[in-house]
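Trainee: here are the coordinates; sequence isn't available:
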C-alpha cells in the first residue's frame, strides 16, 4: 500500500504581515513552518504504515525551491520518499490551480491513499484536499481524527463534528483530510535526520506533467480567485474580571451584564 501525504510550507502565523499594496501575505523574511494539520496527517499515515506490512509513506509539496525544508523534516520524521513540485508555471496558483497541479502529480506518482491536512493556516480555506479528490474522482473523508486499517484495503474512519463523531468504512483508493487534533506528531530523531540527509528529493516541474495537465489550469491563468483585501485577525478586547465575589454575587453580576447586552 502506498500512502502519499500532501504537505505545505506556511509562514508562522505569529508573525504574519499583509502587504498594503497587493493585499497578500508578506513572505520574505518571515519564519516558515510545516502546516500543523499536514503534520498531523503525516502522523496518521505513519501510524498506518507501522500497522500494515509493506506499506510506504511518501510526501509531496508544491512551492518554491526553499519549500524542500518541510520535505526534509517529513523524511526525518520517518517518511520514505519525498516529491517537490515547483516551477514558474505554478506561481500565483489559488486552491483550484494548486489542486489541479497536485492531482496531476499524484496521477504520475501513483497512490492507494492520499492524506492532506484539513486546511493551511495561511489560507484557512480547507479546499485543496477535497478538490484533489474531485480531480481524481476518488471518495474522500474530511475532518478525520482517527484511522484504523481493517482488512483488504478497507479503513474504519472517525470523522469529527462539533458535537459528535461520524464513523465510516471506506475502501482504497481514497483521500483523507486530517485535523490537527488527530494525533500528536512524532519528533524527528537523530537517526531520522541522518537518513533524511541521504535521501533524494524527487523534483517535478510542469514539463513532467504536461501530458496530464493543461497549462491553462495552473498559475494565475488557472486561478479564478480574486483577492480583494487581506487582513489579520483583530485581537479580542480585554474581558471584565470579576474578582473577590461570592458565588451569589458573581451570578448576579454576570446576569446583570447579560441583561445590559440584551443577550437575555
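Mentor: Structure received. Remember, predicted model here, so these are calculated numbers, not experimental data. Numbers count the residues shown, from 1 in each chain.

Trainee: From now on I want contacts and neighbour counts done on CA atoms only, so please keep to that.
Mentor: Noted.

Trainee: burial count for residue 163?
Mentor: 5 (other C-alpha atoms under 10 Å).

Trainee: Which strands or helices does the helix or strand of the chain with the lowest mean pLDDT pack on?
Mentor: Scoring the helices and strands of the chain by mean pLDDT, DSSP states H and E places strand 9-11 at the bottom, with a mean of 87. Strand 9-11 makes packing contacts with strand 32-34 when contacts are defined by 3 or more C-alpha pairs under 8 Å, 6 or more residues apart in numbering; DSSP states H and E.

Trainee: can you give me the helices in this structure?
Mentor: 36-51, 68-77, 95-109, 128-136, 190-198, 206-209, 247-260 (DSSP state H).

Trainee: wait, which of those is closest to residue 218?
Mentor: Residue 218 lies closest, by C-alpha to C-alpha, to one member of the helices of the chain: helix 95-109, at 4.5 Å.

Trainee: ok, residue 93 touching residue 223?
Mentor: Yes - assessed by C-alpha atoms under 8 Å, residue 93 is found in contact with residue 223 at 5.7 Å.

Trainee: Which one's more surrounded, these two?
Mentor: Neighbour totals were compared for residue 93 and residue 223, and residue 93 leads with 22 against 17 (other C-alpha under 10 Å).

Trainee: what's the least confident helix or strand of the chain in contact with?
Mentor: 27, 30-35, 61, 63, 67, 70, 120-122 (C-alpha atoms under 8 Å, 6 or more residues apart in numbering).

Trainee: Tell me the buried residues within those.
Mentor: 27, 30, 32-35, 61, 63, 67, 70, 120-121 (16 or more other C-alpha atoms under 10 Å).

Trainee: from those residues, which two are the most distant?
Mentor: Across the buried ones among the contacts of strand 9-11, the longest distance by C-alpha to C-alpha is 19.0 Å; it joins 30 and 61.

Trainee: what residues are up against the residue most central in space within the chain?
Mentor: Geometric centre of the chain, nearest residue: residue 117, 2.7 Å, by C-alpha atoms, centre = their mean. Residues in contact with residue 117 (C-alpha under 8 Å, 6+ apart) are 6-7, 35-41, 129, 177-180.

Trainee: hey, what's it bridged with?
Mentor: On the basis of DSSP bridges, residue 117 is bridged to residue 178.

Trainee: re earlier: tell me the strands beside the least confident helix or strand of the chain, with direction?
Mentor: strand 32-34 (antiparallel).

Trainee: got a list of contacts for stretch 103-113?
Mentor: 1-4, 85, 132-133, 135-136, 172-176, 204, 209, 212-213.

Trainee: Columns mean pLDDT and distance to residue 158 on top of the helices of the chain, output as JSON lines?
Mentor: Shown next, in JSON lines, are these (pLDDT from 0 to 100; distance: least, C-alpha to C-alpha, whole Å):
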{"stretch": "helix 36-51", "mean pLDDT": "93", "distance to residue 158": "12"}
{"stretch": "helix 68-77", "mean pLDDT": "94", "distance to residue 158": "24"}
{"stretch": "helix 95-109", "mean pLDDT": "96", "distance to residue 158": "24"}
{"stretch": "helix 128-136", "mean pLDDT": "96", "distance to residue 158": "17"}
{"stretch": "helix 190-198", "mean pLDDT": "91", "distance to residue 158": "30"}
{"stretch": "helix 206-209", "mean pLDDT": "96", "distance to residue 158": "34"}
{"stretch": "helix 247-260", "mean pLDDT": "91", "distance to residue 158": "38"}
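
Trainee: All set, thanks.
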